[in-house]
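Enquirer: turn this into a structure:
(2 chains)
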Amino acid sequence: MTAPLLEVEDLRVRLRTPRGPAAVVNGLSYTVGRGETVAVVGESGSGKSVSVLALLGLLPERVATVTGSARLDGEDLLTMSPERLRQVRGPGVGMVFQDPMTSLNPVLTVGRQLVEGIRAHGEVSKAAARERAAGLLAEVGLPDPQGALDRYPHELSGGMRQRVVIAIALANSPALLIADEATTALDVTVQAQILDLVESLQADHGTGVIWITHDLGVVAGIADRVLVMYGGRCVEDGTVDDVLERPAHPYTRGLLGALPDLAGDGGDLATIPGTPPAPTDLPGGCVFWPRCPVRGDARCETEQPPLQVVGAGLSKGLPHRAATWCTEGSAR
Amino acid sequence: MSVVVFALVQLVPGDPIRLALGTRFDQETYDALLARSGLDQPLVQQYLTWAGRAVTGDLGVSFRSGETVTSLIAERLPATLTLALASILVALLIAVPLGTISALRPRSLVDRVATVLSQIGISVPEFWMAIVLILVFAGTLGWLPSGGYVGLTEDPAGWAQRLLLPAVVTGVVSGSVITRFVRSSVLEALGADHVRTAQAKGLPRRQVFTWHVLRNALLPLVTVTGVQLAYLLSGVVVVEIVFSWPGLGQLALQAVQARDYPVLQGAILLFAVTFLVINLVVDLLYTAIDPRIRR
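Expert: Residues are numbered from 1 along each chain as shown, chains lettered A, B, ... in the order given. Next comes the predicted model:
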């Protein structure tokens, strides 16, 4: 078996906040293989975005302390030189950000923002880079890609801007694509187009994808594996089938239970009572116990449960793991 | 606006004719002069006459020297223009680097020193700073002349020497104000989401900074610089007096002392118009540098 594209080990992120130090990511380990899509799900504030920003060194240095390792093709992203990291950003890892309204520079044309990304990684003439930029915009399904090059972000709709952001991330054919809520702002038809685009890209280039989302529908559609985050930890991971069909962690079950059911009786939506813990004040023991509906084990409030294999899994070879003391009754 | 200018000037106590004639005069001369200057007319009438002429570019004749107000202003304009432009240059040379460095390292030693310095720059009275500089550079060291003005074409070296001290005084004051704006707008630009996008593209640091931080921080800077320039163009009275700089501020002050209404009105009107023109220029500049305003 070949080494995975990305190997994250014991990633920890501490942020200095006005309310004291915040443990935002607490020992996260996972891998992404070539051509594989890993979906990261969890509520807002579970550390999803911070954990991927940390990989690319995009957290403000003055407030963030990142430890652990994240090897991309064997090279540790967290310890490489700033110049090497710059070279990796783009061709190594492309990133799509959440908010299309603010993630483009308002005073530069779309074309310029694409072209500068292309030209930062190789000797490409302006004309050739422009040609390539137009091609990328066409690929992400932007109407009139030539014309769009000379438009400013405010002249485009939110959906069009998000496609520009995606085109920028794809501009250097990254080995790993990180999409942070990339399609949340788009309507479903555009979202489907983007998901198709990413899948064809994976087929062509063997791109590995980390897809951060709230949307379990998207997860079921594109992901190979799922990683469920809570309180800055991975509480459950496994193949899509394992995690969505037979969730082992009470939190995952809660998330799935909170999905509206079109065929249902239209009653109230199920919710998980309470709110996610503040990273400045994480509970001891299992991070989920204060909200857990099935807590009962003596260790829940005192001891952090390790991430352990809970079943052989539907697909052999890929483990299904969960960090919880109550593994019994894992079938929904 | 012209009404306000006119009314304010009329509020200045004192009788210009009496001042012009001195202590010994006869009633006949007084009446004749009063009639000639038009000051015996009702105020509304006076205003209409003045405003009517002003729109055609005729600002009247000085009570004191008998020259036209426009020629008096034209005579003083080069000096004020020179000082204002030199000051804004000094201000930007101080503010842009200092504000940027402060923003890049907030709460660092450089930032703290810059904050204290700009606070001092804003609070210290101009006349005091001017006098101290004269004492040091013109007095003790004897490097520079203490004041005066010569045209650039007559004596370039003397022009530069005489310009330096007043330009530094007004430049430091404006620069202190602008430094704060640069700091906060660069800080704001640094935190913008699109800067992260630029970094994630793998752009070199310098390119991220120039095109995604400074380029955006420039927008508010244009506004503040415009306001400061308008203020400088309205004649920095105190500095002009201390350095015997023959600019519009000095002209306006002399006009007040002599109750020379036409000159004073003309000068104030010019200041007001300058403000409007600069604001217009700033707005036009915005359309050039901010595509969101263009249509």
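Enquirer: which elements pack onto the helix or strand containing B:F127?
Expert: Taking DSSP states H and E as the definition, B:F127 sits inside helix B:126-133. Under the contact criterion of 3 or more Cβ pairs under 8 Å, 6 or more residues apart in numbering or on different chains; DSSP states H and E, helix B:126-133 touches helix B:156-190, helix B:237-242. (Glycine included, C-beta is placed from N, CA and C.)
Enquirer: mind putting those in a markdown table, mean pLDDT and mean neighbour count included?
Expert: Shown next, in a markdown table, are the helices and strands packed on helix B:126-133 (pLDDT from 0 to 100; neighbours: other Cβ atoms under 10 Å in any protein chain shown):
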| stretch | mean pLDDT | mean neighbour count |
| --- | --- | --- |
| helix B:156-190 | 90 | 21 |
| helix B:237-242 | 87 | 21 |
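Enquirer: returning to that earlier point: neighbouring contacts of the helix holding B:F127?
Expert: Taking contacts as Cβ atoms under 8 Å, 6 or more residues apart in numbering or on different chains, the residues outside helix B:126-133 that touch it are B:165-166, B:168-170, B:172-173, B:236, B:238-239, B:241-243.
Enquirer: residue boundaries of the helices in the chain?
Expert: You didn't say which chain, so I picked chain A. Taking DSSP state H, the helices of chain A run over residues A:48-55, A:82-88, A:110-119, A:126-139, A:145-149, A:158-170, A:188-205, A:216-222, A:240-245, A:250-257.
Enquirer: wait, I meant chain B there
Expert: Going by DSSP H, chain B shows helices at B:2-11, B:16-21, B:27-37, B:43-55, B:69-104, B:109-123, B:126-133, B:156-190, B:193-200, B:205-207, B:215-233, B:237-242, B:248-257, B:261-289.
Enquirer: my guess is A:V226 contacts A:V218. True?
Expert: No - counting by Cβ atoms under 8 Å, A:V226 does not reach A:V218; the two are 11.0 Å apart.
Enquirer: name all residues that make contact with the spatially most central residue of chain B.
Expert: Closest to where the C-alpha atoms of chain B average out (Cα atoms, centre = their mean) is B:L232, at 1.0 Å. Applying Cβ under 8 Å, 6+ apart, we find B:L232 in contact with B:83-84, B:87-88, B:170, B:174.
Enquirer: kindly indicate which of those lies nearest A:C286.
Expert: Sorting these by how near they are to A:C286, with Cβ to Cβ, puts B:S174 at the top with 60.4 Å.
Enquirer: got the contact list for the closest residue to chain A within the stretch 1-150 of chain B?
Expert: Of the residues in the stretch 1-150 of chain B, the one nearest chain A is B:P106, at a distance of 8.1 Å by Cβ to the nearest Cβ. Taking Cβ under 8 Å, 6+ apart, we find B:P106 in contact with B:L187.
Enquirer: give me the distance between it and A:A64.
Expert: 15 Å (Cβ to Cβ, to the nearest Å).
Enquirer: can you list the weak-confidence ranges in the stretch 151-295 of chain B?
Expert: Low-confidence segments of the stretch 151-295 of chain B (pLDDT under 70): B:235, B:295.
Enquirer: what does it put close to chain A?
Expert: B:192-194, B:196-205, B:207, B:211-212, B:215-216, B:219, B:289-292 (Cβ under 8 Å from any Cβ of the partner chain).
Enquirer: can you flag the buried ones in those residues?
Expert: Among those, those scoring as buried are B:192-194, B:196-203, B:211-212, B:216, B:219, B:290-291 (criterion: 16 or more other Cβ atoms under 10 Å in any protein chain shown).
Enquirer: ok, back up a step: overlap in contacts, A:V226 and A:V218.
Expert: Shared contacts of A:V226 and A:V218, defined by Cβ under 8 Å, 6+ apart, are found at A:A39.
Enquirer: thanks a lot, catch you later.
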